[in-house]
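> show me the folded form of this:
(chains A and B)
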Amino acid sequence: MTVLAHDWWPAEVPENVAVDESSWLYSSFAFIHHRSRREPSVRIAPNSWVFNCAHFDLGPDGELEIGEYCNIGGVVICSNGRVEIGDYSFVGSESVIADDFAPFPFDSVDEPGSPGPDTTIGDACWVGRRSLLLGGVTLGDGVIVGAGAVVDFDVPDYAIVAGNPGRIVGSKPPRSTD
Amino acid sequence: MAAQESIPSPWDQIPLPANVVVGRRCRIEQTHAMFHSYRSTQQPGLVLGDDVRVYYWTRFGIEPEGHVEVGDGSILAGAVFMCAESIVLGRRVQVSYNVMLLDCDFHPVDPELRKLDAVANSPAGDKADRQPLVSKPVVIEDDVRIGAGAIVLKGVHIGAGARVGAGTVVAKDVPAGAYVAGNPAVVAAEELPALR
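A predicted model of the protein is given here:
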């Protein structure tokens, strides 16, 4: 049983959620629609932030792993698959990571259905506010997703993707001068 | 951890407004904010059908003359209604997260009239001097799915079984069974991989 010392919501963090002591989770409110029975279902590595309005609406087979030194804003992660966020990544508020275009919370831990697709966000990604990552995408390392972009395809390392429908509009590899 | 059939809400087990009609087996994750902008004086002002699920992020912003209906078996994950006249959803409609449904622009398009509206609507202004609302009803037929972050604007009619892609801004009618995506919304020739 884990109760966050600073929590405003009168609930515990679910038992199958593992948050490193050095990371900061805003509230157990993030788990109001958490239906995952995986062990662990959510793992947050050291030195990361999970802020207000983040919601982990995982289905019975949903898993989430957040790496080190991440800044996770108020994102809704609604998946029955595995969602992996690498180290040093930023995810903006009001964005949605989901298995399909019109997700809604899973009803119960016993909801029938097959596991969803896997979503992977690489290291040092920067996912803009209100963006939508749908249908099990893979973002390489250092990817920038513009605010409000709709991404339903895999994005290579250091690419910049923007727009609705999303498209690759540039790239920003390490130490590039432009 | 056991499944929570409804979220525990120790502080806002507030009664629903008297002119809200709720169907059988309807589940509402009610919060104070959900009805914060509910001002409908219609009888009824809001109808939720049987087996409707309404999740936490949903907001029923309904003006005094406004009326919202949600058909049987529909799911509202995060539907923000801004209704001045009428928004009607059919049966088994699925509305995803961060979706806005509006039947009115709520301010005049004419810039001079909009200035007058801003003055009347200011903190010390007289709300009685506000410009009249120009609304057009929104109708969303049975089995429509509305993707995350979509915005449906006034006067739009979405035909049965249509799908509105994530993030789409819908300002024109959508034919039954069509799939629209993008901003501005276009009828997509190919389905996005996320739909398969």
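> tell me what the residue most central in space within chain A is bridged to.
By CA atoms, centre = their mean, the mean C-alpha position of chain A lies nearest to residue A:77, the distance being 5.2 Å. Counting by DSSP bridges, residue A:77 is bridged to residue A:56, residue A:97.
> just checking, it touches residue A:53?
No - in terms of CB atoms under 8 Å, residue A:77 does not count as a neighbour of residue A:53; the distance is 11.9 Å. Just so you know, the C-beta spots here come from the backbone N, C-alpha and C atoms, and that holds for glycine as well.
> contacts only, for residue 102.
No chain in the question, so chain A it is. Under the criterion of CB atoms under 8 Å, 6 or more residues apart in numbering or on different chains, the neighbours of residue A:102 are B:94, B:95, B:96, B:145, B:146, B:147, B:148, B:163, B:164, B:166.
> you looked at the wrong chain, it should be chain B
Applying CB under 8 Å, 6+ apart, the residues near residue B:102 are B:81, B:82, B:83, B:138, B:151, B:152, B:153, B:154.
> pretty sure the third one is touching residue B:62, no?
It refers to residue B:83. Yes - look at residue B:83 against residue B:62 with CB under 8 Å: they come within range, at 4.6 Å.
> find residues that contact each of the two.
B:40, B:68.
> name the spans of chain A whose pLDDT lies under the cut-off.
By pLDDT under 70, the low-scoring segments of chain A are A:1, A:108-112, A:178.
> where does the residue in it that chain B sits nearest to fall, phi/psi-wise?
Closest to chain B within chain A is residue A:135: 3.0 Å, counting by CB to the nearest CB. Dihedral angles of residue A:135 (phi, psi; degrees, to the nearest 10) stand at phi 80, psi 20.
> what residues sit buried inside stretch B:92-111?
Of all the residues in stretch B:92-111, those buried under the rule 16 or more other CB atoms under 10 Å in any protein chain shown are B:92-106, B:108.
> same question, stretch A:103-119
Buried residues in stretch A:103-119 (16+ other CB under 10 Å): A:103, A:104, A:105, A:106, A:107, A:109, A:115, A:116, A:117, A:119.
> returning to what we had before: the residue of chain A closest to chain B - how many residues pack around it?
21 (other CB atoms under 10 Å in any protein chain shown).
> residue B:119 - that's part of a helix, no?
Yes - secondary structure of residue B:119 (DSSP: H, G, I helix; E, B strand; the rest coil): part of a helix.
> that one - nearest residue in space that isn't next to it in sequence?
Spatial nearest neighbour of residue B:119, excluding adjacent residues (CB to CB, 6 or more residues apart in numbering or on different chains): residue B:125 at 5.5 Å.
> and that neighbour, what pLDDT?
pLDDT, residue B:125: 94.
> what helix or strand is it on?
Under DSSP states H and E, no helix or strand contains residue B:125.
> got it, and residue B:47?
Here residue B:47 sits within strand B:46-48, counting by DSSP H and E.
> surely residue B:134 touches residue B:105?
Yes - at 6.8 Å, residue B:134 counts as touching residue B:105 under the criterion of CB under 8 Å.
> picking that back up, the residue of chain A closest to chain B contacts residue A:152, doesn't it?
Yes - assessed by CB under 8 Å, residue A:135 is found in contact with residue A:152 at 4.8 Å.
> mind listing the helices for chain B?
B:111-120 (DSSP state H).
> could you list the low-confidence segments of it?
Ranges of chain B meeting pLDDT under 70: B:1-14, B:189-196.
> residue contacts, the most centrally placed residue in it?
Here the mean C-alpha position of chain B is nearest to the C-alpha of residue B:81 (CA atoms, centre = their mean), at a distance of 3.0 Å. Residue B:81 is in contact with B:58, B:59, B:60, B:61, B:62, B:68, B:87, B:101, B:102, counting by CB under 8 Å, 6+ apart.
> same question for residue B:148.
With CB under 8 Å, 6+ apart, residue B:148 has these contacts: A:76, A:96, A:98, A:101-103, A:132, A:134, B:78, B:96-99, B:166-167.
> ok, what's across the strand from the residue nearest to the centre of chain B?
With DSSP bridges as the rule, residue B:81 is bridged to residue B:60, residue B:101.
> ok, so what distance separates it from residue A:138?
Per CB to CB, to the nearest Å, residue B:81 is found 36 Å from residue A:138.
> picking that back up, name the nearest of the contacts of residue B:81 relative to chain A.
residue B:58 (10.8 Å).
> isn't that closest one up against residue B:78?
Yes - Residue B:58 lies in contact with residue B:78 (CB under 8 Å); the separation is 6.1 Å.
> helix/strand/coil for residue A:29?
Classified using three-state DSSP, residue A:29 is helix.
> how many other residues sit next to it?
19.
> then residue A:2?
Neighbour count of residue A:2, defined by other CB under 10 Å: 13.
> same thing with the one 10 residues further on?
Around residue A:12 sit 15 other residues, with neighbours defined as other CB under 10 Å.
> how close does it get to residue A:46?
From residue A:12 to residue A:46 the distance is 21 Å (CB to CB).
> next one: residue A:10
Per CB to CB, residue A:10 is found 27 Å from residue A:46.
> helices along chain A, start to end?
Under DSSP H, chain A gives no helices.
> around chain B, pick out the residues from it.
Contacts of chain A with chain B, taken as CB under 8 Å from any CB of the partner chain, map to A:10-11, A:14-16, A:32-35, A:76, A:78, A:94, A:96, A:98, A:100-105, A:107-110, A:130, A:132, A:134-135, A:148, A:150, A:152-153, A:164-165.
> give me the buried entries from those residues.
The buried subset of those - by 16+ other CB under 10 Å - is A:11, A:14, A:16, A:32-35, A:76, A:78, A:94, A:96, A:98, A:100-105, A:107, A:109, A:130, A:132, A:134-135, A:148, A:150, A:152-153, A:164-165.
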